[in-house]
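Chemist: predicted model and sequence below, questions to follow.
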Amino acid sequence: MRVYPIFLNNLDGRRCVVFGGTHEAERKVADLLACGADVVLISETATPQLQQWAREGRLTWHARNYQPGDLKGAFLTIVAIPDPQATEPIWQEAQRERVLINAMDDVPHCTFVAGAVVRRGPLVIAISTSGQSPALAVRLREMLEQHLGPEYALFLDLMGALRLPMATHYPDFGERKARWYALVDSNVLDLLRQQRFAAARTRISELVGEPVAAALPDPDTMARLFAHYQDEYAWSPSSNLNAHAPP
Ligand SMILES: C[C@@]1(CC(=O)O)C2=NC(=C\c3[nH]c(c(CCC(=O)O)c3CC(=O)O)Cc3[nH]c(c(CC(=O)O)c3CCC(=O)O)/C=C3\N/C(=C\2)[C@@H](CCC(=O)O)[C@]3(C)CC(=O)O)/[C@H]1CCC(=O)O
Ligand SMILES: NC(=O)c1ccc[n+]([C@@H]2O[C@H](COP(=O)([O-])OP(=O)(O)OC[C@H]3O[C@@H](n4cnc5c(N)ncnc54)[C@H](O)[C@@H]3O)[C@@H](O)[C@H]2O)c1
């Protein structure tokens with residue numbers, strides 16, 4: 001296996017078909033919905049959460065097994081059923097219809113594989129071991145999660161706010177690039193980690209000038225964003241490094 005890494009963008013309104021209705025399918029559906037995809041679920045059974053999303057109209061659920069034609073107009077499909085024989089006709093249709101396909105734990109039926117993913121706001125890190133050891137991918141994800149706190153999410157929100165004014169105020173690409181690196185290499189991340197939001201704002205202003213820094217949220221808003229990200233990641237199941245240790 002030699003995988004080519006990509007991050008899909010603009011899933012909004014794209015038809016994504018998920019087969020299977022257990023918590024594994026639910027995990028995949030949750031990510032697709034969060035990215036705005038138009039999710040179609042095909043499975044006789046569905047978890048209570050999947051059923052609730054169907055009732056709320058957040059996805060379309062067909063309570064049956066796969067039928068030929070299910071992939072018409074689909075952009076991608078994820079097969080979360082543990083039976084390669086049942087997956088084979090779905091794989092065949094995906095090839096005919098040129099639909100991207102991931103069959104969980106079933107490499108011969110994948111045109112793309114899933115990574116172990118760390119999310120910190122806009123920061124997304126996907127880890128693949130090229131199928132050699134998903135368990136190691138999980139451990140690496142957990143290691144990164146320990147090191148990457150909510151300050152990374154907030155830092156990226158701040159950098160995002162600066163992108164347009166930076167382009168306007170520093171039309172020379174070389175100068176702009178040097179200033180981006182000055183920000184990234186500075187102690188701003190440390191200050192955010194210490195929740196010293198006013199000091200972080202001052203430091204950014206020193207590095208890029210007040211006209212650019214004026215686009216930043218004020219320190220109170222930074223504090224609120226930081227608290228939001230703290231909450232979001234505090235309950236991450238992987239915060240326990242031994243979550244998957246053998247009994
Ligand atoms: C990362 C993650 C993403 C996700 O699923 O979203 C993912 N597998 C995860 C967990 C996991 N999977 C397995 C174990 C048991 C320990 C172990 O085997 O290591 C654990 C650990 C656990 O369960 O704790 C078993 C397993 N997995 C595959 C096979 C088939 C084979 O080996 O032939 C078998 C053997 C089944 C058997 O032996 O019967 C195949 C694939 N699994 C992949 C992804 C793709 C390659 C990823 C890469 O390149 O590293 C690929 C190729 C296809 C795909 O599924 O997309 C998710 C972690 C999510 C997270 O927590 O972050
Ligand atoms: N990596 C891991 O740690 C791990 C653990 C468990 C399961 N899995 C993977 O998750 C997936 C689901 O496994 P599971 O054990 O949760 O499933 P399961 O056997 O408990 O349930 C199968 C599901 O698939 C549906 N289904 C079966 N045949 C179908 C068909 N032809 N069309 C549509 N739906 C169909 C059923 O309605 C049911 O919801 C599998 O791909 C499995 O390999 C991975």
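Modeler: Perfect, I can see it now. Residues are numbered from 1 along each chain as shown. Ligands and ions are numbered 1, 2, ... in the order given.

Chemist: list the helices and strands the worst-scoring helix or strand of the chain on mean pLDDT packs on?
Modeler: Using mean pLDDT, DSSP states H and E, helix 219-234 stands out as the lowest-scoring helix or strand of the chain, at a mean of 93. Helices and strands touching helix 219-234, by 3 or more C-beta pairs under 8 Å, 6 or more residues apart in numbering; DSSP states H and E, are helix 150-169, helix 197-208. (Glycine included, C-beta is placed from N, CA and C.)

Chemist: where in the protein is pLDDT low?
Modeler: Counting by pLDDT under 70, the chain contains low-confidence ranges at 235-247.

Chemist: how about 90 then?
Modeler: Counting by pLDDT under 90, the ranges of the chain that qualify are 1, 232-247.

Chemist: point out the residues in it that sit beside ligand 2.
Modeler: When proximity is defined as C-beta under 6 Å from any ligand atom, the chain approaches ligand 2 at 19-22, 24, 42-45, 65-66, 80-82, 86, 104-105.

Chemist: overlap between those and the residues near ligand 1?
Modeler: Intersecting the residues of the chain next to ligand 2 with the contacts of ligand 1 gives 104-105 (criterion: C-beta under 6 Å from any ligand atom).

Chemist: buried subset of the residues of the chain next to ligand 2?
Modeler: The neighbour count (16 or more other C-beta atoms under 10 Å) marks 19-21, 24, 42-43, 66, 80-81, 104 as buried among the residues of the chain next to ligand 2.

Chemist: can you lay out those residues as JSON lines showing secondary structure?
Modeler: As requested, these are exported to JSON lines (DSSP: H, G, I helix; E, B strand; the rest coil):
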{"residue": "Phe19", "secondary structure": "strand"}
{"residue": "Gly20", "secondary structure": "coil"}
{"residue": "Gly21", "secondary structure": "coil"}
{"residue": "Glu24", "secondary structure": "helix"}
{"residue": "Ile42", "secondary structure": "strand"}
{"residue": "Ser43", "secondary structure": "coil"}
{"residue": "Tyr66", "secondary structure": "coil"}
{"residue": "Ala80", "secondary structure": "coil"}
{"residue": "Ile81", "secondary structure": "coil"}
{"residue": "Met104", "secondary structure": "coil"}
